[in-house]
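Trainee: Kindly return the folded structure for what I paste below:
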Amino acid sequence: MKSIREIFRIGYGPSSSHTMGPGRAAYYFKEKNPDAERYRVTLYGSLALTGVGHGTDVAIQKMIDRPDDTEIIWESTKSLPHHPNGMLFEALRNGEVVDRWEAVSYTHLRAHETGAYL
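Mentor: Presented below is the predicted three-dimensional model:
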């Protein structure tokens, strides 16, 4: 049986799906692409609409830990087909995208490629 701390996670900001999920995604993507010169993160739909007030950008930049090398794009009028809390992470080297990853955030993070929860 799971403990209460495994079921509920305490995060920062008013919405865990807008901070914990994007933060975990940013950390995962940075670990997968440590040699990237820059990172670009596009937030869609609900994340873009309320992300500034909920601290989504702060959570992402905190986990990537390179705010000067991280660009956040807000696409509030677009949504990914899978979920309104969509994100696109891109790693760049020499101005070219070397890796990209699409994810959605609710309290847990789900990768679309595998369907796995992170």
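
Trainee: C-alpha from now on. contacts and neighbour counts both.
Mentor: Noted.

Trainee: And the helices in the chain?
Mentor: Remark: helices assigned in the chain by DSSP state H are 4-7, 16-32, 45-54, 56-64.

Trainee: Lowest average confidence across the ones you listed, which one?
Mentor: The stretch with the lowest mean pLDDT among the helices of the chain is helix 4-7, at a mean of 62.

Trainee: Asp35: how many residues sit nearby?
Mentor: When neighbours are defined as other C-alpha atoms under 10 Å, Asp35 has 11 of them.

Trainee: ditto for Ala91
Mentor: Look at Ala91: counted by other C-alpha under 10 Å, it has 24 neighbours.

Trainee: And for it, nearest residue in space, chain neighbours not counted?
Mentor: In space, Ala91 comes closest to Tyr39 once its chain neighbours are excluded; the distance is 4.8 Å by C-alpha to C-alpha, 6 or more residues apart in numbering.

Trainee: And that neighbour, what's its pLDDT?
Mentor: pLDDT for Tyr39: 98.

Trainee: partner residues bridging it?
Mentor: In this entry, Tyr39 is beta-bridged to Thr70, Ala91, by DSSP bridges.

Trainee: was I right about it contacting Leu88?
Mentor: No - with contact defined as C-alpha atoms under 8 Å, Tyr39 and Leu88 do not form a contacting pair (10.5 Å).

Trainee: what about those two, which has more around it?
Mentor: Comparing Tyr39 with Leu88 by other C-alpha under 10 Å, the one with more neighbours is Tyr39, at 26 against 18.

Trainee: So the more buried one versus Arg93, what's the distance?
Mentor: 9 Å (C-alpha to C-alpha, to the nearest Å).

Trainee: Export only the CA atoms of stretch 45-64, formatted as PDB.
Mentor: Presented in PDB, the C-alpha positions along stretch 45-64 are these (Å, rounded to 0.1, in the frame of the first residue of the first chain):
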ATOM      1  CA  GLY A  45      -3.000  25.800 -23.800                       C
ATOM      2  CA  SER A  46      -3.700  25.800 -20.100                       C
ATOM      3  CA  LEU A  47       0.000  25.900 -19.200                       C
ATOM      4  CA  ALA A  48       0.600  29.000 -21.300                       C
ATOM      5  CA  LEU A  49      -2.600  30.700 -20.200                       C
ATOM      6  CA  THR A  50      -1.900  30.500 -16.500                       C
ATOM      7  CA  GLY A  51       1.700  29.600 -16.300                       C
ATOM      8  CA  VAL A  52       3.200  32.900 -15.300                       C
ATOM      9  CA  GLY A  53       0.800  33.200 -12.400                       C
ATOM     10  CA  HIS A  54       1.300  29.600 -11.300                       C
ATOM     11  CA  GLY A  55       5.100  29.800 -11.700                       C
ATOM     12  CA  THR A  56       5.500  27.300 -14.500                       C
ATOM     13  CA  ASP A  57       8.400  29.300 -16.000                       C
ATOM     14  CA  VAL A  58      10.100  29.500 -12.700                       C
ATOM     15  CA  ALA A  59       9.800  25.700 -12.100                       C
ATOM     16  CA  ILE A  60      11.200  25.000 -15.600                       C
ATOM     17  CA  GLN A  61      14.100  27.400 -15.200                       C
ATOM     18  CA  LYS A  62      14.900  26.200 -11.700                       C
ATOM     19  CA  MET A  63      15.200  22.600 -12.900                       C
ATOM     20  CA  ILE A  64      17.200  23.300 -16.100                       C
END
